[in-house]
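Asks: let me see the structure of the following:
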Amino acid sequence: MRLRSIRFTLCLTVLVACGPMARMARQEAAAPAQEATADWVWNYSQAHPDGFTVDIRDRKVPTEGISVAYAATQDRHSKEDLGDVVSHALAHDGYVGGWWNSEDSLYYFDSVRILPESAAGEAVTFALENEQLAFYVLSTGEEVRIDNVIHPHEYEPTDLRGWTTVFLAGTIDNGHSEDWQQTVAAKLAGRDRRYLLYNPRQEEWHPEREGEMDYQVHWELEHLEKADHILMVFLPGSQSPITLLELGLHARSGKLLVVCTPGFYRYDNVRLTCSRYGVPVYGSLDEAIDALP
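Replies: Here you go, the predicted structure:
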């Protein structure tokens, strides 16, 4: 009887220590600590109007790494919101960031993740997954803007699972042609599928820089090969010699969707080549975009 009594007492002790009442007690005990941490973060933000990133576990400021915000704590900008931010941070990485938005004159708070500065590709992947428009390099204070369009010299995600990649090949005319690439990005943004677009058009093209031409050509060749699809556009009035070269290189790839009309000076060459290798040709950009899987 005595042994059964001891076992019953031990089981009761375990139930009390690990049951719902115990969990509730621990949560109630943790609440004041989280509230105090939220108050501290709020006061810290008032003293750092230009922004900050801090480890709320030891209240130290990291000086290296890439800071990327979680989507779960977006649009938190009041003192009352800080409780949610602190709670999320303590359950994840322990870091909270703050920044001033000059557009609406509000201070925003985020639970953030810190990645090594050598892991920029991983940071881009995490930022895209969490619908962020930028991340911050803590050692330099640099804000790196990102989206689902990758240009030469920009960071790229390392994990492409779940993404459909499309290379935007076609008329650029040294930046003077219609920016049809921007139209593609805007039209694909509303789809449920996640597209990552490789856009060779650079906002500022500096061919005089040492090694720039080599870099550009190799970047385009590499991304043409790695893309799931190649959307190729020949605009009327353009020569587009590089695009014609790329058509020849990838006509057999099974990845091409070509936009070309009789207004292009080599329309028949494009039409007949595509017909021979089973490449679909579309009369408008909208038609080709709609055909993307």
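Asks: partners of Glu143 in the sheet?
Replies: Counting by DSSP bridges, Glu143 is bridged to Tyr136.
Asks: give me the nearest residue to Leu256, chain neighbours excluded.
Replies: Among residues not flanking Leu256 along the chain, Val279 sits closest, at 4.6 Å (CB to CB, 6 or more residues apart in numbering). Glycine gets a C-beta too; all of them are placed from N, C-alpha and C.
Asks: hang on, I meant Gly162
Replies: Leaving aside its chain neighbours, Gly162 sits nearest to Arg194 (5.8 Å; criterion: CB to CB, 6+ apart).
Asks: surely that neighbour and Thr164 touch.
Replies: Yes: using CB atoms under 8 Å, Arg194 makes contact with Thr164 at a distance of 6.8 Å.
Asks: quick revisit: contacting residues around the residue nearest to Gly162?
Replies: Counting by CB atoms under 8 Å, 6 or more residues apart in numbering, Arg194 touches Asn148, Gly162, Trp163, Thr164.
Asks: also Tyr108?
Replies: Asp75, Arg76, His77, Gly98, Trp99, Trp100, Asn101 are the contacts of Tyr108 under CB under 8 Å, 6+ apart.
Asks: rerun at 7 Å
Replies: If a contact means CB atoms under 7 Å, 6 or more residues apart in numbering, then Tyr108 has Arg76, His77, Gly98, Trp99, Asn101 as its contacts.
Asks: which residues in the protein form helices?
Replies: Remark: helices assigned in the chain by DSSP state H are 2-18, 20-47, 82-91, 120-129, 180-188, 212-226, 241-250, 267-276, 285-291.
Asks: could you give the number of residues near the residue nearest to Leu256?
Replies: Other residues lying near Val279 total 22 when counted by other CB atoms under 10 Å.
Asks: likewise Pro32?
Replies: Neighbours of Pro32 using other CB under 10 Å come to 9.
Asks: tell me how far it lies from Ala38.
Replies: 11 Å (CB to CB, to the nearest Å).
Asks: now Trp219
Replies: Taking CB to CB, one finds Trp219 at 46 Å from Ala38.
Asks: who's more crowded, those two?
Replies: Ala38 (22 against 17).
Asks: that one reaches Ser87, doesn't it?
Replies: No: judged on CB atoms under 7 Å, Ala38 makes no contact with Ser87 at a distance of 8.7 Å.
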